[in-house]
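Student: okay, predicted coordinates and the sequence, questions at the end:
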Amino acid sequence: MKRYIVLLRGINISGKNKISMAELKSAFAEAGFSDVCTHLNSGNVIFSDDENDTLVLSDKTKTLIKQKFNLDIPVFIISQKELSELLDKAPKWWGTENKEIYDNLIFAIPPNDIKKVAEKIGEPTKELEQVEICNNAAFWSFDRKKYNKAAWWKKTASAGIAEMITIRTANTLRKIKSL
């Protein structure tokens with residue numbers, strides 16, 4: 001069995017798209033996934049399954065969320081191995097102990113492509129943020145104190161972009177890759 005990580009986009013934010021993590025965990029277990037656990041309240045589900053196709057798992061997960069919680073939300077699925085390999089490729093400036101910098105990883109939700117997403121967002125703001133594309137994701141870091149001046153900060157939440165991506169912090173990803 002392979003270990004997978006599902007990142008649900010846009011749940012439990014400002015009272016919208018509410019899903020209890022205990023109920024989510026139960027729903028995944030009832031759907032036949034094994035060794036299910038969740039991390040944080042933002043829709044990170046880790047499970048094991050025999051399926052090798054993440055698109056099949058994505059469709060199954062979307063259907064599960066729609067049927068159990070009546071929500072039609074984007075989902076991103078990556079194997080634990082793929083996530084670990086991706087994090088091993090992180091640039092040296094990403095995920096450091098520097099508390100003045102906020103480190104994220106942006107995943108393009110298939111069929112979207114991170115290079116096209118990056119083109120739509122535009123150039124990062126010099127001196128405030130850094131971006132490096134790897135596979136179908138983008139390592140992104142920005143100055144915590146000046147985040148509201150960062151080009152990518154403003155545009156990742158804009159219409160036409162937000163639905164194409166899901167974002168997680170370096171700390172969250174390091175934790176869930178080991179669950």
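Tutor: Here it is on my side, so go on. Numbers count the residues shown, from 1 in each chain.
Student: could I get the CA-only coordinates of the worst-scoring helix or strand of the chain on mean pLDDT as PDB?
Tutor: Lowest on mean pLDDT, DSSP states H and E among the helices and strands of the chain sits helix 151-156, with a mean of 89. Included here for helix 151-156 are C-alpha records, laid out as PDB according to Å, rounded to 0.1, in the frame of the first residue of the first chain:
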ATOM      1  CA  ALA A 151       2.800  40.600  -5.500                       C
ATOM      2  CA  TRP A 152       2.300  36.900  -5.000                       C
ATOM      3  CA  TRP A 153       0.500  37.400  -1.700                       C
ATOM      4  CA  LYS A 154      -2.100  39.600  -3.300                       C
ATOM      5  CA  LYS A 155      -2.600  37.500  -6.400                       C
ATOM      6  CA  THR A 156      -2.700  33.900  -5.000                       C
END
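Student: just the buried positions in it, please.
Tutor: Judged by neighbour count using 16 or more other Cβ atoms under 10 Å, the buried positions of helix 151-156 are 151-153, 156. To be clear about C-beta, it is placed using only N, CA and C from the backbone, and glycine gets the same treatment.
Student: same check on stretch 28-48?
Tutor: For stretch 28-48, the buried set under the neighbour-count rule, 16+ other Cβ under 10 Å, comprises 28, 31, 33, 36, 38-39, 42-47.
Student: next one: the top helix by length along the chain to chain centre, how far?
Tutor: In the chain, taking DSSP state H as the definition, the longest helix is helix 54-69. Averaged C-alpha coordinates place helix 54-69 at 16 Å from its chain's average position (Cα atoms, centre = their mean, to the nearest Å).
Student: go on, stretch 88-102?
Tutor: For stretch 88-102, the separation from the chain centroid amounts to 17 Å (computed by Cα atoms, centre = their mean).
Student: counting by contacts, list what the least confident helix or strand of the chain packs against.
Tutor: Secondary-structure packing of helix 151-156 (3 or more Cβ pairs under 8 Å, 6 or more residues apart in numbering; DSSP states H and E): helix 114-121, strand 129-134, strand 137-143.
Student: which one, of those, ends up nearest to Ile19?
Tutor: If you check each of the helices and strands packed on helix 151-156 against Ile19 by Cβ to Cβ, strand 137-143 wins as the nearest, at 23.9 Å.
Student: quick check: closest non-adjacent residue to Ala31.
Tutor: Using Cβ to Cβ, 6 or more residues apart in numbering and skipping the chain neighbours, the partner closest in space to Ala31 is Leu64 (5.2 Å).
Student: got the domain boundaries for this protein?
Tutor: Under the assignment named as automatic domain parsing, the residue ranges that make up the domains of the chain are 2-83, 89-176.
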